[in-house]
Structure formats: structure tokens, C-alpha cells
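A.B. asks: sequence plus predicted model, see below.
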2 protein chains.
Amino acid sequence: MIANGEFNFIARHFRPLAGEGSLDLRDDAALIPARPGFELVVSTDTIVENVHFLSDDPAETVSRKLLRVNLSDCAAMGATPFGYFMNVCRPPDRDDRWFESFAAGLAEDQQLFGIHLLGGDTTGIKGPLVLGVTILAWAVAGKAIRRTTAKPGDNVWVTGTIGDAALGLLARRGELPDPDGFLGSRYQLPQPRLGVATAPIVHAGMDISDGLLQDCGHLASESQVNIIIESPLIPLSKQVKAAGADYWPLCLTGGDDYELLLTAPPQNADALRQQAAAAGTDITRIGRVTAGTGEVQLLDANGEAIELAQRGWQHF
Amino acid sequence: MIANGEFNFIARHFRPLAGEGSLDLRDDAALIPARPGFELVVSTDTIVENVHFLSDDPAETVSRKLLRVNLSDCAAMGATPFGYFMNVCRPPDRDDRWFESFAAGLAEDQQLFGIHLLGGDTTGIKGPLVLGVTILAWAVAGKAIRRTTAKPGDNVWVTGTIGDAALGLLARRGELPDPDGFLGSRYQLPQPRLGVATAPIVHAGMDISDGLLQDCGHLASESQVNIIIESPLIPLSKQVKAAGADYWPLCLTGGDDYELLLTAPPQNADALRQQAAAAGTDITRIGRVTAGTGEVQLLDANGEAIELAQRGWQHF
């Protein structure tokens, strides 16, 4: 479904971003050669104006967030991304200049992460801006990291710090001070933790997009184990600490972290730390996996179980 | 980005549609094993309420159209589809019952076309229903059909009949009678012409989604040839003929045909006809390819060039 207006729009903004396999965005589809010994990892995420980003977020961070939420899925699978498809539903109020900045953001992250545009489509919409990416990555055959393979005895780890983005959304809405802009930037620009989750160092993993506790629940449930989190171990940024303890429950249930939640046997702790350091991120042990049927327990500093009112957030 | 409400929604409606590689829709991504000797063909199209379908179109035809516009791209590439990713942006007014019918339509076409769901995401939207599919198909390495390889001396062919869907949209809007419902059904339910475009019988091809004349222009331009169409040869359904000659220009420029536009050397005419018959579609020679630089000429019954006011339609 390509019309002339769309053709020109694509040629101006997106053709410069296209690479191998895209057929220069001129055909009905992209062509990806087989890569024997590897599995193709494919993930897709759509972001919607005023659901996943704010109307006045800068175009560059909107496009980079769009890529990064998908890159984060590749990171979670232990896969190396190489290209992506993009779907743009463009409302009349987003002009060409906005898309110039949008494409500049894509170009910057393409270079940073070694990926290129493979294809996509654009269409008009009378409604919010809707942006989708389907990302393609390679994993060594049999080595992709799953959610189903956490083992009792594993430690539970998270990369980076937790809750910055949840408070960043409050800050962006003017509901929380953010003197150095750190919290807001963590909401606008996730850091996909590529290169940290690799087999056999890591047993299981996923990215944290809907809140640490809810995603622990998913991991526990998919692996049919229990997960015990020691809340004092959860890594918080100094900015989250400064916001005060009243905000910390939200940090454990709010979305948009895009950090990795991983499990690994205790003897792999050093290897995992080295891998994380090489990838440029901190990694912190926050708990352990026990035999069970999908429960998550959150312990306070005294080892007593605590209950949070809300776990994660709902899309509808 | 998966929350509990979304989890249940996916489990209810979409998990039954998932197949090999989908990891049961439970992980961060899908895993597609390599298939040596084949190239992966990937195409993506988004359809938007009140742009590509009408608000009161039945849910089953909306979902089937969503799949079929993408299947049509596979057909155009000479590729065999096997799976798809789906992105759903769901406004509050689309209830569970609607999505039950939507999923039933997907299930029906999955069986018909031998494909299954590989992954996707769902999110809320305050605006129109937005539905995206990214489809995956296999093409024998080096045998995918491109838009770039039409050769002077080729004949130009189209499958099926042209313009039914453009008039079908008028009919659906109450602007044209449609006594047997044929035109409306052609708008709501395209017929992807899988199995017709194969190398080396066919030299070049694409699907007709934005109007025959405009898509001829794309093919001519991408192949750097001219295309001459003899308008009396263009296949029209009896319903389009009954609508009267005033409507025929719209048939050549209106969108949503999802028929194939192919070029093939004259000596392959019989082989192409047999291939089309085996695929269950008529195929008609409508013109020829000449040396040139991307022009399209439309001839009348006397061989005189004619000009249409509008070529195709614009997305924005």
C-alpha cells in the first residue's frame, strides 16, 4: 500500500536508513538470506502517543525509544539485532520537520547498535501517532535465552537501576521534581542491555517492561519456580532514593525500566559481572530462585514478606 | 510490554492461533530456525479504521483483510508464507466479543493459507483501531520475484479483475448499488494470488494495492522500462461493467485490488496461464513492456493514448 505521497515521504526520511536486505525499500518485501547455525529472533512492539510517550516528547527520543524497547527484547533473548521494520501511522499534525528529527534519532541509534532499516509502511491516521517496530536479530542456534529455564538455586539479577522511568514519567508530567533531568531521560531513552544475557552463563531472562514485580511473576510462572526478592538489594538510583521511600513501591511496579531480569547459577556470578561490565552496565543480585509454582515473594530488611498494593500496570 | 489484562486478552484470543516458533507467545520474541537454501521474505502492512476498513465492517473480514493484504505481498514476491506477527492497538469501544470474531477470522484464514501466529503485541489507544501484521515467508534463494526485473518484450499480465474493490468501497458507503454484494465483498476480502508468480516463468511483479495505473508506474520505474496498457484488455467483472463506463477510470486508479501485476516473456504465456489456473485465478494479458525510463501509456481501442485525471490515491 504505497502511494506517491507516501513514496516521497519514505524516500526523504527513511530510504537513507535502509540497508542490506531492504531492497532499498522499493519492493513488496525485504529479503533476508539464511544464516545457517543461527536462529532468527523476531520481536515487535508498538508505541502509542500518550500511552508510551508524551505528545511533546522530542521526536529524536520518540524514535530512539521505539527502537530501544525492541532492542531490549533482543537483549533479553541473548540475540544480536541487525535490522528492523517500521510502521508509522501519521496524524496530520506531525509535519515533515518532526519526521526529520525522528529519522535523525533513528540514524543515531542505528549507528550505535549496528542495525539498519529493512522495510515498513506508513499510513495516515485521524488520531494519535502510532509507531511500530518489528526487530530481527540472530541468536546462535539453541542458545537463545528463554523465560522458561530458571532453575531452583539460581540467583536473580537485574541490570542498571529500577524505577527511574516510572518516576521519570511523573517528572515529565510535572508531578515530581527532576533537577538534573535524569529521571525524565530514563523514561524517554531506555538503555537496551545487549551482550549481558548469554548462555550458558545465564539460565533464563526477560526484559523488565511492566514493572519488576510483575515481570518476576512472569518469569516465575513461565519457569514454574518461585522467586524471592530481597527488597533492600534492589538497585535504586540516587535520584530515586532522593525522591523518598513513598515512591519506592511505584518503582517496583511501574513500567518502562527496560532493564534485564536474569537468573544464573551462583558459580556464574563472576562471569556474569564481567559480561555486564563489558557491556557497560552494573548488574545486581536481588534474590534467588526456589522450587515452586510461579509465586513471587518480596522480603523486607528483616526477611519478612511484604505486600504491595499494585503489581505493574495494565494496557487496558 | 505485557501487562496482566493484556496477558489474559492474548491468552483468550490469540494463543490458540500460535504455532511453531512462537514460543507459545510467552517469551520476549519468536525463534525462527534457519532454512538453508531459502531466503526469508518479510513484509508488513498496517490497516487503520476508516482508512483501510470501515468501522462497521464485520470483525471476521477485518482480520482476514489484515492477513490478506500481507499475504498478497508474499504472493507478489513468489514466496510461501508460514507465519505472522500482529500488532493490535485497541480502542475502548472494541469489546471482547468483537475480538472473538476477529480471532475466528484469523483462524479461518490460517487454515486456508497454512500460516500461524508467531508473536505480536497489544496496547490501548484513544483513537481508531489500528492493526498491523508483519508476515514471514520463504522464497527459494535467488528466486524471489522483484519489481526491478521487467524486460522489454515481456507481456504485462494481471490476475483476477480490476476495480472491484474501488467500486466496492463506494457500495459499502451506499454510493453505488451492489445487488449481489460482490463489489463490497471484493473490498472487504481480497484474494491473495499465491502460487502464480514463480521464477523463471515470471520476470517481474508486484501486487496492485494503490491502483493499476500507479502500480504500473512503480513497476516501470523500478525496472527502468516503459509499460503500455491496452485498456480494452483490462479484465473487468460483470458487476463493474454493469456500473457503467463512468466508473471505469476509478477502477484503474482506485486502491485495494490486491491482484498481481506480472511481466513474463511471450513464450511463457501458456506456462503462466497453467500456473494461474492451478492457483484458481484467471490471468489476463493487458499490455507489454518496452524499452524506456519508467513511463506508462494507456491506449484506447484505437491504439490512441488516453490520459486519466488521477492516478491512484494518497495516504496523506
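C.D. replies: Ah, there it is. The structure presented is a predicted model; accordingly, all values stated were derived computationally and were not measured.
A.B. asks: list the contacts for whichever residue of the stretch 1-150 of chain A sits closest to chain B?
C.D. replies: Nearest residue of the stretch 1-150 of chain A to chain B: residue A:127, at 2.6 Å (Cβ to the nearest Cβ). Just so you know, the C-beta spots here come from the backbone N, C-alpha and C atoms, and that holds for glycine as well. Residue A:127 sits next to A:89, A:91, B:125, B:126, B:127, B:128, B:130 when contact means Cβ atoms under 8 Å, 6 or more residues apart in numbering or on different chains.
A.B. asks: the second one and residue A:128 touch, don't they?
C.D. replies: To tie it back to what came earlier, the one meant is residue A:91. Yes - at 6.7 Å, residue A:91 counts as touching residue A:128 under the criterion of Cβ atoms under 8 Å.
A.B. asks: the more surrounded of the two?
C.D. replies: residue A:128 (20 against 15; other Cβ atoms under 10 Å in any protein chain shown).
A.B. asks: contacts only, for the nearest residue to that one once chain neighbours are set aside.
C.D. replies: Leaving aside its sequence neighbours, residue A:128 sits nearest to residue A:49 (Cβ to Cβ, 6 or more residues apart in numbering or on different chains; 3.7 Å). Residue A:49 is in contact with A:55, A:128, A:129, A:130, counting by Cβ under 8 Å, 6+ apart.
A.B. asks: now, among these, which is nearest to residue B:164?
C.D. replies: When the contacts of residue A:49 are ranked by distance to residue B:164 (Cβ to Cβ), residue A:130 comes first, at 29.4 Å.
A.B. asks: wait, what's in contact with that closest one?
C.D. replies: A:46, A:47, A:48, A:49, A:87, A:88, A:89, B:46, B:89, B:125, B:127, B:130.
A.B. asks: chain A: strands as residue ranges?
C.D. replies: Here chain A has its strands, by DSSP state E, at A:30-33, A:38-48, A:80-90, A:116-124, A:130-140, A:155-159, A:204-208, A:225-230, A:259-264, A:283-291, A:296-299, A:305-306.
A.B. asks: now do the helices in chain A.
C.D. replies: Ranges of helices in chain A, per DSSP state H, are A:4-13, A:59-76, A:96-113, A:164-172, A:182-188, A:212-223, A:238-243, A:248-253, A:269-278.
A.B. asks: what helices or strands is the fourth one leaning on?
C.D. replies: What it means is helix A:164-172. helix A:182-188, helix A:238-243, helix A:248-253 (3 or more Cβ pairs under 8 Å, 6 or more residues apart in numbering or on different chains; DSSP states H and E).
A.B. asks: include mean pLDDT when you put those into CSV, please.
C.D. replies: Formatted as CSV, these follow (pLDDT from 0 to 100):
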stretch, mean pLDDT
helix A:182-188, 96
helix A:238-243, 97
helix A:248-253, 93
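A.B. asks: wait, which of these is closest to chain B?
C.D. replies: Per Cβ to the nearest Cβ, nearest to chain B of the helices and strands packed on helix A:164-172: helix A:248-253, 10.6 Å.
A.B. asks: can the closest one be found next to chain B?
C.D. replies: No - judged by Cβ under 8 Å from any Cβ of the partner chain, helix A:248-253 and chain B are separated, with a smallest distance of 10.6 Å.
A.B. asks: who in the stretch 51-200 of chain A is up against chain B?
C.D. replies: So far as Cβ under 8 Å from any Cβ goes, the stretch 51-200 of chain A lies against chain B at A:51-52, A:69, A:73-74, A:76-77, A:79, A:85, A:87, A:89-90, A:92, A:118-128, A:130, A:132, A:134, A:136-137, A:139, A:141, A:144, A:146-148.
A.B. asks: pull out the buried residues from those.
C.D. replies: A:51-52, A:69, A:73-74, A:76-77, A:79, A:85, A:87, A:89-90, A:118-125, A:127-128, A:130, A:132, A:134, A:136-137, A:139, A:144, A:146-147 (16 or more other Cβ atoms under 10 Å in any protein chain shown).
A.B. asks: residue A:186 contacts residue A:166, doesn't it?
C.D. replies: No - Residue A:186 is not in contact with residue A:166 according to Cβ under 8 Å; the separation is 9.1 Å.
A.B. asks: pick the most buried one from the helices and strands packed on helix A:164-172.
C.D. replies: Comparing the helices and strands packed on helix A:164-172 by mean neighbour count (mean count of other Cβ atoms under 10 Å in any protein chain shown), helix A:182-188 ranks first with a mean of 23.
A.B. asks: could I have the CA atoms of that one written out in CSV?
C.D. replies: C-alpha atoms of helix A:182-188 as CSV (Å, rounded to 0.1, in the frame of the first residue of the first chain):
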residue,chain,number,x,y,z
PHE,A,182,18.0,12.1,35.0
LEU,A,183,14.5,10.5,35.7
GLY,A,184,12.9,12.1,32.7
SER,A,185,15.7,10.9,30.4
ARG,A,186,15.4,7.4,31.8
TYR,A,187,11.7,7.4,30.7
GLN,A,188,12.5,8.9,27.3
